[in-house]
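> quick one, fold the following:
(one chain, ligands or ions: 1)
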Amino acid sequence: MSGGAHILSIEQFHRDDIETLFITADRMEPYAQRRKMTRVLEGAILGNMFFEASTRTRISFGSAFNLLGGEVRESVGTESSSLVKGESLADTARVLSGYSDIICMRHPLEGSVAEFASASRVPVINGGDGSNEHPSQALLDLYTIQKEIMARGRTIDGLRIAMIGDLRYGRTVHSLCKLLCLYERVRVVLVSPRELAMPEQYVEALQTAGHHVTITEELESSISSVDIVYSTRIQEERFQDRQQADLYRGRFRLNQAIYTRHCEPNTVIMHPLPRDSRAEANELDRDLDQNPNLAIFRQTDNGLIVRMALFALILDVAGIFENYAQDVRWYNPRIG
Ligand code: CP
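Numbering: from 1, shown residues only. All right, here's what the predicted structure looks like:
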């Protein structure tokens with residue numbers, strides 16, 4: 001990953017890029033926790049263009065940029081942009097890249113962010129393009145996996161992971177599969193209804209990387225010998241007929257009783273969020289919230305520092321942001 005690069009797909013990353021990113025992310029922690037502040041990006045502007053719903057990705061990209069001292073301009077929803085008047089993505093990119101030093105973009109169509117980036121004069125980060133990819137989510141997921149399993153004496157090489165739910169439309173698992181191809185001896189269990197199975201290209205990529213892949217529709221046996229249970233939501237917004245999603249919602253529910261009965265004691269529970277907490281879905285029950293192995297909110301916290309690290313590397317301040325460190329002046333509940 002070089003300074004000034006677009007981040008469109010996880011395929012751009014090599015293993016040493018990941019190591020550099022994670023080391024930079026570790027250094028961001030005191031700034032993300034507001035124990036220190038830095039103004040290294042003072043004067044820089046992030047264009048945060050979210051043409052599809054988001055809570056975590058949009059807010060954490062914006063917060064990450066603010067925490068490095070930069071400013072954020074946002075456009076939220078297609079209906080409030082001139083895309084609804086027929087403006088092309090290329091023209092939109094030409095315009096917005098005149099107002100920004102870097103752009104994060106989410107859009108419901110696969111390939112749309114790459115199309116936008118090809119006309120942009122500044123780096124573009126893919127915040128999710130349809131069911132294709134969500135590279136920054138995969139990076140924060142892998143960062144979380146590394147932290148969690150290192151604490152349990154294991155490494156990503158040799159990881160055992162079950163991915164569960166809507167593997168057809170879930171872009172986070174697509175990017176995560178590609179990312180795991182950089183590692184060795186990974187055992188992946190893919191648990192989904194047949195109609196929502198992981199697309200063949202990702203299965204083939206895992207197998208080509210030498211990983212062991214199991215495909216199944218059975219939850220309980222799949223979670224019995226894994227380090228990570230990675231649950232996902234049924235992506236109802238990707239279905240042509242949303243009622244079709246009702247057929248699959250709630251099919252793979254994990255709760256504390258199932259966890260206790262079937263998982264190893266230290267199995268880490270992850271989910272890219274949002275989890276669907278409606279009664280008919282409830283893929284991760286609230287009764288897991290007291291389980292110390294539930295890492296979903298550690299994932300969201302890690303999202304902030306990984307995105308700070310991405311900005312620092314793309315805008316070439318990873319080597320200097322600490323030179324701009326200051327103490328914070330306000331009451332910080334994290335430090336009293
Ligand atoms: N994980 C994720 O992409 O969440 P949001 O849709 O809230 O951004």
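> can you mark which positions in stretch 276-284 are buried?
276, 281-284 (16 or more other Cβ atoms under 10 Å). All C-beta atoms are positioned from the backbone trio N, CA, C, and that covers glycine.
> what residues go with each domain of this protein?
10-132+302-327, 135-297 (automatic domain parsing).
> tabulate those domains (CSV), appending mean pLDDT.
Below are the domains of the chain laid out as CSV (pLDDT from 0 to 100):
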stretch, mean pLDDT
domain 10-132+302-327, 97
domain 135-297, 96
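> tell me the contacts of the residue nearest to the spatial centre of the chain?
Nearest residue to the geometric centre of the chain (Cα atoms, centre = their mean): Gln137, 1.0 Å. Contact analysis of Gln137 by Cβ atoms under 8 Å, 6 or more residues apart in numbering lists 57, 128, 171-172, 175-176, 272, 303.
> what two of the buried residues of stretch 276-284 are the furthest from one another?
Greatest spacing in those, by Cβ to Cβ: Ala281 and Leu284 (9.6 Å).
> setting aside sequence neighbours, what's the nearest residue to Glu236?
Ala245 (3.8 Å; Cβ to Cβ, 6 or more residues apart in numbering).
> dump the domains of the chain into CSV; add distance to the ligand as well.
Listed next are the domains of the chain as CSV, based on distance: least, Cβ to the nearest ligand atom, whole Å:
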stretch, distance to the ligand
domain 10-132+302-327, 3
domain 135-297, 4
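> where along the chain do the strands fall?
Secondary structure of the chain (DSSP state E): strands located at 36-38, 45-50, 71-76, 102-107, 124-129, 160-164, 187-191, 212-216, 228-231, 268-270, 325-327.
> okay if I get those as CSV plus mean neighbour count?
Formatted as CSV, the strands of the chain follow (neighbours: other Cβ atoms under 10 Å):
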stretch, mean neighbour count
strand 36-38, 18
strand 45-50, 23
strand 71-76, 16
strand 102-107, 26
strand 124-129, 26
strand 160-164, 24
strand 187-191, 23
strand 212-216, 14
strand 228-231, 24
strand 268-270, 23
strand 325-327, 10
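> rebuild the ones you listed as CSV, extending it with distance to Gln12.
Formatted as CSV, the strands of the chain follow (distance: least, Cβ to Cβ, whole Å):
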stretch, distance to Gln12
strand 36-38, 26
strand 45-50, 20
strand 71-76, 24
strand 102-107, 16
strand 124-129, 10
strand 160-164, 22
strand 187-191, 21
strand 212-216, 23
strand 228-231, 22
strand 268-270, 23
strand 325-327, 30
